[in-house]
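# Provide a 3D model corresponding to the input given below.
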Amino acid sequence: MNASTERGGSLRILIVDDHPLFQEALRELIRRERGWEVCGTATDATEGLRLVEETDPDLVIVDISLGGTNGIDLIKNISARKPDLPMLVVSMHDESLFAERAIRAGAMGYVTKHEQPKTVKAAIQHVLAGEIYLSHKMATSLITKLMHRNDDLPAGDPLHQLSHRELEVFRLLGEGKGAREIAQKLNLSVATINSFRARIKEKLNLKTSTELLLRAANWVREQAGENQPVGG
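Here you go, the predicted structure:
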């Protein structure tokens, strides 16, 4: 823990999430817990990195989807600068696809936004205590992979072949966004987005742009589930 803990003060939590309603819900959840306080909020990676340096938090809560970059890259950057700073991912995306990436990047936990507030609070408590927090199913999956990892294992879900940025483009395509809109959101050129599209089609063995859009739309619908903000 950092200086705030040594001084006996409240544990300081930084929130990096670009959804105002969910950000406010997290604020309220943290405010209600004795000994916790929100030391800052950010909506993108650049602001998040700045606040990490300025506020010296005990924990950073990170979303996967952030304007201009993604949470996985932010986690890597924070981990490189402050390797002992605990990070928890709270995201709308299913952990089966992103949790392993987040843990490998440096996060200590992963919980989805549609979980009950008590589950999100438990995740925060575990990570603040220096413990890994994953669902039992995901933890078992990761342990199994570590025990049996070898080149002969099947590749599994082909989406795991996508890079973090490719997966972000894939998600935005599934939400019905065009190349120009995606380029603006991610601060990239249209040509770069089209290059990502081509690589995604190749990795997923899709022949046409229509197949790509249908696959992406179906995946987004599957991920949506019953997502709802933390509250109550």
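# in stretch 193-211, what counts as buried?
Across stretch 193-211, burial judged by 16 or more other CB atoms under 10 Å covers 193, 196-197, 199-201, 203-204, 206. Every C-beta, even on glycine, is put in place using the N, C-alpha and C of the backbone.
# for that stretch, give the mean pLDDT please.
Stretch 193-211 carries an average pLDDT of 88.
# now do stretch 130-138
Here stretch 130-138 scores 83 as its mean pLDDT.
# show me the shaky parts of the chain.
For the chain, the stretches with pLDDT under 70 are 1-8, 68, 143-157, 224-232.
# mind redoing it with 80?
Within the chain, the segments meeting pLDDT under 80 span 1-8, 67-69, 94-97, 136-157, 209-210, 221-232.
# show me what contacts the residue nearest the centre of it?
A centroid search over the chain (CA atoms, centre = their mean) returns Ile64, at 2.6 Å, as the residue closest to the centre. Ile64 is in contact with 70-72, 89, 91-93, 98, 102, counting by CB atoms under 8 Å, 6 or more residues apart in numbering.
# of those residues, which pair is most distant in space?
Ile72 and Met92 (14.5 Å; CB to CB).
# quick check: nearest residue in space to Lys82, chain neighbours excluded?
Of all residues not flanking Lys82 in the chain, Val52 sits nearest, at 6.6 Å (CB to CB, 6 or more residues apart in numbering).
# name the helix or strand for the one you found, please.
Element membership of Val52, judged by DSSP states H and E, is helix 45-55.
# follow-up on the earlier one: in strands, which of the buried residues of stretch 193-211 fall?
With strands taken from DSSP state E, there is no overlap with those.
# in CSV: those, plus distance to Leu213.
Shown next, in CSV, are the buried residues of stretch 193-211 (distance: CB to CB, whole Å):
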residue, distance to Leu213
Ile193, 13
Phe196, 14
Arg197, 10
Arg199, 15
Ile200, 11
Lys201, 10
Lys203, 16
Leu204, 12
Leu206, 9
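# from those residues, which is closest to Thr43?
Ile193 (21.8 Å).
# pretty sure the closest one sits against Ile182.
Yes - using CB atoms under 8 Å, Ile193 is in contact with Ile182, at 5.1 Å.
# common neighbours of those two, please.
Val169.
# can you map out the strands along this protein?
Under DSSP E, the chain gives strands at 11-16, 36-42, 59-62, 65-66, 69-70, 87-91, 109-112.
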